[in-house]
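Asks: Pasting a predicted model and its sequence here:
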Amino acid sequence: MPQDDDRFEPRVGRSRRDRARAPRARDMRGRVLEQVARRGGNPRGGGPKLDGTPAAPSGRFNARGRGAKIAAVLPRGSGWSFDRGSGLKVRPRRVAVKARVVKLAGKATAVARHVTYLERDGVTRDGGQTRFYSTFADEADAKAFVDRGAEDRHQFRFIVSPEDGREFGDLKSFTRDLMAKMEQDLATNLDWVAVDHFDTGHPHTHVLVRGMTEDGKTLNIAGDYIAHGIRALASEIMTRELGPQSEIEVRRQLSREVEAERLTRLDRDLLSQAKDNVVDLSHIEGPMAGDAEYQQLLVGRARVLERMELASKSGPMSWTLAPAAEQTLSDMGRRGDIIRTLHQRFKLDLVGDLFDRIRSGQRTPGPTSERLVLHEPAKVRAPVPEQPSGPVIGKVVGRGAADEDHERRYLVVDGIDGRSHYLDIGTTQQTLPTGATVRFDPKQVDVRAADRTIVAVAVASGGEYDVDLHLRHDANATQDFAEAHVRRLEAIRRATGKPDRHPSGTWIIAPDHLDTVLSYEQGKQRAEPYQTRVLSPAPIEKLVHAHAETWLDRELTAPEKSELAPTGYGGEVRKALRLRQQWLIEQGLATQQGEDVVYRRNLLRVLREREVRAVAGQLSGELGLRFVEAKPNQAIEGTFKRTLDLTSGKYALIEKSRDFALVPWRPELEKYVGRSVSGLMRESGSISWSLGRSRGPSIGM
């Protein structure tokens with residue numbers, strides 16, 4: 001019997017083996033909950049809403065999905081109630097829940113990659129290897145889970161973060177209780193796996209749920225249940241385990257938020273109280289009205305914001321909040337989390353550098369101004385963080401997830417400028433090995449010449465565009481050229497929903513089409529902010545004596561040298577360049593003339609050919625074929641077998657019946673592995689490819 005007489009929760013048991021009776025039991029439970037709610041009760045406990053009425057449906061998507069009736073009667077706030085024993089105000093434990101419904105069509109590889117990202121080193125309490133778990137298994141087979149859901153229409157992804165998660169020695173029992181409750185509410189057994197992460201300030205659990213019921217039907221969950229129901233269930237479980245929060249505990253937490261350099265609950269309350277960005281704290285509104293202690297916490301926070309220059313005094317008890325205060329505080333919290341993560345995972349010695357500067361009398365730097373630079377994508381309608389706009393060159397020393405959903409990735413790069421760089425590289429699929437020397441060039445956002453051409457044709461054609469209109473507008477344009485513009489429009493429409501298209505195929509080009517294009521390009525830039533080029537996949541110390549063209553050689557012979565810091569990775573590169581220079585002299589590929597070094601003509605080509613011949617000799621024995629060196633103005637024909645990663649760069653293996661050739665690789669070739677290709681070697685060393693035997697489009701390289 002429950003100790004709290006006001007708490008009522010029907011528990012209709014069922015055996016997992018008794019499939020026949022389960023639907024009736026579930027239906028019985030739903031009817032009981034509905035009748036309790038109609039009579040003003042709260043089937044979950046945890047306190048009523050502030051006005052004493054049950055929450056109304058929000059009208060969110062999929063209102064008829066599973067769990068809709070349950071969600072309609074669940075509490076949605078973190079309202080206060082009184083503990084009968086102590087007489088103190090208490091509050092349920094808070095749990096944050098983020099949810100996503102991911103469409104799976106054509107995304108099997110992305111799902112597998114997401115699972116790999118989640119199950120990685122260094123995120124358990126002790127920094128060890130993390131493992132997925134499920135209802136009955138402490139080590140669930142995540143790959144089997146992905147394979148089972150390969151044909152599902154969608155997958156549910158939840159991130160559950162209890163405010164008091166650190167009080168739990170293990171989140172597994174909490175997660176299993178939550179999923180069991182969800183199975184009761186949704187009237188089906190769920191196929192799920194979860195993994196706990198302890199790499200942020202708040203421990204959290206990633207839960208992946210198949211979008212399929214136990215009887216093989218598509219699982220549709222009501223939007224209100226996703227938005228409110230799961231959080232209420234989690235709060236109920238956490239409150240039952242740890243007890244409700246007392247007013248003293250809550251005030252202690254709020255007191256710590258007064259000086260916090262992040263967006264806090266006090267800030268959100270200040271923002272909600274503000275009118276035209278002015279907040280008057282001589283009296284406060286809402287549930288905490290008349291609470292003098294809470295009022296003083298808000299006043300203290302307002303003074304801290306004033307010190308941060310995010311608010312200005314406008315009266316004895318009123319402040320004007322900066323328009324960008326909320327975004328700035330969110331960015332400050334995010335940057336603080338990033339810096340803590342880098343300290344913990346990569347041991348960046350920023351504190352030692354700070355002490356060195358103080359002792360030498362130099363200006364004391366902020367935490368991100370000298371040794372650590374944060375490169376984050378600019379947000380739409382938000383202040384763009386100040387950061388270098390030029391390229392970043394350096395050694396990859398670490399990687400991780402840049403967001404809780406593990407969709408975006410970050411790299412930590414030890415730069416040749418003597419600084420450590422945190423780069424949010426977005427959703428790029430490119431694999432960059434640790435220790436590789438890489439160059440990152442920020443992508444520029446702008447409309448293309450093709451977009452302006454489309455607008456010009458539309459202006460001359462009454463706002464319409466198609467291939468025929470283009471050809472009539474420009475007599476020099478070809479069919480292929482015009483069709484490329486159509487493909488551009490199709491890509492923009494898939495991403496933005498614009499422009500409109502008639503069933504006849506004619507495009508309606510709006511006057512603001514270039515604005516649509518700019519928004520499309522900004523989305524692409526945010527998804528992949530950098531043009532990335534691997535300068536050397538091998539560690540720099542292995543390049544010093546390499547019989548191949550290396551990044552060091554390109555640096556030595558470049559008309560404009562990169563600026564190298566005397567310390568950090570810049571110092572390592574300086575040392576490697578000196579050693580490489582000496583090696584070239586010993587090899588007869590360079591001569592010392594006074595203080596200058598003169599390099600052999602065509603040095604890079606000579607080194608490149610050395611490596612190609614050495615690799616070709618090994619391949620000749622493996623393949624049983626003769627190596628034929630590609631010459632200028634010579635036709636290249638054969639089957640593209642595979643790519644080879646050499647120190648000098650990537651090469652394509654082109655094989656014929658009796659011989660083979662190694663030629664420079666190009667990304668467009670990758671989808672033609674195993675197929676016939678042909679091309680012509682130019683004097684410059686580039687190749688003009690024809691995909692297929694003398695057919696198809698041409699690729700110049």
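Replies: Cool, the structure landed. Numbers count the residues shown, from 1 in each chain.

Asks: any low-confidence regions in the stretch 201-350 of the chain?
Replies: Applying pLDDT under 70 to the stretch 201-350 of the chain flags residues 201, 287, 341, 344-350.

Asks: A661 against F640, yeah?
Replies: No - at 10.7 Å, A661 and F640 do not qualify as touching, with contact defined as CB atoms under 8 Å. Heads up, the C-betas are built off the backbone N, CA and C, glycines and all.

Asks: Find residues that contact each of the two.
Replies: Applying CB atoms under 8 Å, 6 or more residues apart in numbering, one finds that A661 and F640 are jointly contacted by L653, I654.

Asks: Tell me where the model's unsure across the stretch 51-200 of the chain.
Replies: 51-64, 74-90, 106, 120-128, 165, 167-169, 199-200.

Asks: Next up, the contacts around the residue sitting nearest the centre point of the chain.
Replies: Closest residue to the average C-alpha location of the chain: R408 at 1.4 Å, with CA atoms, centre = their mean. Shown in contact with R408 (CB under 8 Å, 6+ apart): A401, A402, D424, I425, G426, T427.

Asks: Selecting buried members of the residues you listed in PyMOL, what would you type?
Replies: To isolate the buried ones among the contacts of R408 in PyMOL, judged by 16 or more other CB atoms under 10 Å, type:
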select buried, resi 401+402+424+425+426
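
Asks: In helices only, show me the contacts of R408.
Replies: Among the contacts of R408, no member is found in helices (DSSP state H).

Asks: quick one, phi/psi of the closest residue to Y530 other than its chain neighbours?
Replies: Among residues not flanking Y530 along the chain, F440 sits closest, at 4.3 Å (CB to CB, 6 or more residues apart in numbering). Per-residue torsions, F440: phi -120, psi 120 (degrees, to the nearest 10).

Asks: same check, this time on L208
Replies: Dihedral angles (degrees, to the nearest 10) for L208: phi -110, psi 130.

Asks: wait, doesn't it sit right on R157?
Replies: Yes - at 5.8 Å, L208 counts as touching R157 under the criterion of CB under 8 Å.

Asks: out of these two, which sits in the busier spot?
Replies: Set L208 next to R157 and count neighbours by other CB atoms under 10 Å: L208 wins out with 24 against 20.

Asks: re earlier: what's the distance between the residue nearest to the centre of the chain and A110?
Replies: Noted for R408: a distance of 13 Å to A110, by CB to CB, to the nearest Å.

Asks: Also L432?
Replies: L432 is 18 Å from A110, by CB to CB.

Asks: do the same with R610
Replies: From R610 to A110 the distance is 41 Å (CB to CB).

Asks: Comparing the two, which residue is more hemmed in?
Replies: Legend: neighbour count by other CB under 10 Å for R610 and A110, higher for R610 (17 against 14).

Asks: Apart from its neighbours in sequence, what residue is nearest the more buried one?
Replies: H547 (4.9 Å).

Asks: Please give me every residue in contact with the one you found.
Replies: By CB under 8 Å, 6+ apart, the neighbours of H547 are L607, R610, E611, A614.

Asks: E541 - that's part of a strand, no?
Replies: No - in this structure, E541 is helix, not part of a strand, as judged by DSSP: H, G, I helix; E, B strand; the rest coil.

Asks: Hmm, it is touching V573, no?
Replies: No - using CB under 8 Å, E541 is not in contact with V573; the gap is 10.7 Å.
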